[in-house]
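> quick one: sequence and predicted model below, then my questions.
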Amino acid sequence: MSSLNDIKKGTNINWDGEPYVVMEAHFVRMQMRKPVVQTKLKHLLTGKILEYNFKPGDKVEEADMSRNKANYLYKDENFAYFMDNKSYEQFQLPLATIGNKIKFLKDGTDVDVLYYEGNAVSIDLPIKMTFKVTSAPPGVKGDTASNVSKQVTLETDAVINAPLFVKEGEEIIVNTETEEYVGRA
């Protein structure tokens, strides 16, 4: 990368010799000053979040990353275990690295694994996934005046907001990025 315009949300970069993913990027111009790109960066190996303003003279390279498909197997107290779909080798990722995505992982889910220098560092879930509702409080008859929602528990123990008509035992589609109800399956 040679330009500040190349720093965008979702871009993987090498900065100070470390791999980061850009979580947020805003181009800012102020009077009598050079433009900067205000960013929020997440370290791909440690998961730490850092805010930094890139100036026109800063050197930033795109990180050499690769992606591969893998199958989620199970988790224990500290790790989630996956199997590579091509080589059938099993590997593990710390739960801290996966973050909130763990609550949408069910056995057998295919995920995209992000590799840095041959090591798995992060996963991406499918954007829309189908889940069975395991717990849903009944809707109250008088609550239908406006767009009202209730909290339902999914088979992975994730809790999301869903419309009042969703009942226990139904299958629903959930957007895993926004953690919102999309529709019935």
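Yep, that arrived.

> quick one, helices of this structure?
Assigned helices in the chain, in chain order: 95-98 (criterion: DSSP state H).

> low-confidence ranges in it?
For the chain, the stretches flagged by pLDDT under 70 are 1-2, 140-146.

> residue contacts, residue 161?
With contact taken as Cβ atoms under 8 Å, 6 or more residues apart in numbering, residue 161 is in contact with 149-152, 180-181. Yep, even glycine has a C-beta here, placed from its N, CA and C like the rest.

> could you measure the nearest residue to residue 149 once chain neighbours are set aside against residue 92, distance?
Nearest non-adjacent residue to residue 149, counting by Cβ to Cβ, 6 or more residues apart in numbering: residue 161, 4.2 Å away. Distance from residue 161 to residue 92, counting by Cβ to Cβ, to the nearest Å: 32 Å.

> do you know how far the residue nearest to residue 170 when sequence neighbours are not counted is from residue 162?
Nearest non-adjacent residue to residue 170, counting by Cβ to Cβ, 6+ apart: residue 133, 5.2 Å away. Here the criterion is Cβ to Cβ. By it, residue 133 lies 8 Å from residue 162.

> what sits in contact with each of those two?
In contact with both residue 133 and residue 162: 152, 172, using Cβ under 8 Å, 6+ apart.

> neighbour-wise, which of those two wins?
More neighbours surround residue 162 than the other of residue 133 and residue 162, with 22 against 18 (other Cβ atoms under 10 Å).

> list the contacts of the more buried one.
By Cβ under 8 Å, 6+ apart, residue 162 lies in contact with 133, 136, 149-152, 172, 181.

> need the outlier residue of this protein, farthest from its centre.
residue 32 (38.1 Å; Cα atoms, centre = their mean).

> nearest to residue 7 among the contacts of residue 161?
Using Cβ to Cβ, residue 180 is the member of the contacts of residue 161 that lies nearest residue 7, at 28.1 Å.

> tally of neighbours for that closest one?
12.

> does it touch residue 174 like I think?
Yes. Between residue 180 and residue 174 there is a contact at 7.0 Å, judged by Cβ atoms under 8 Å.
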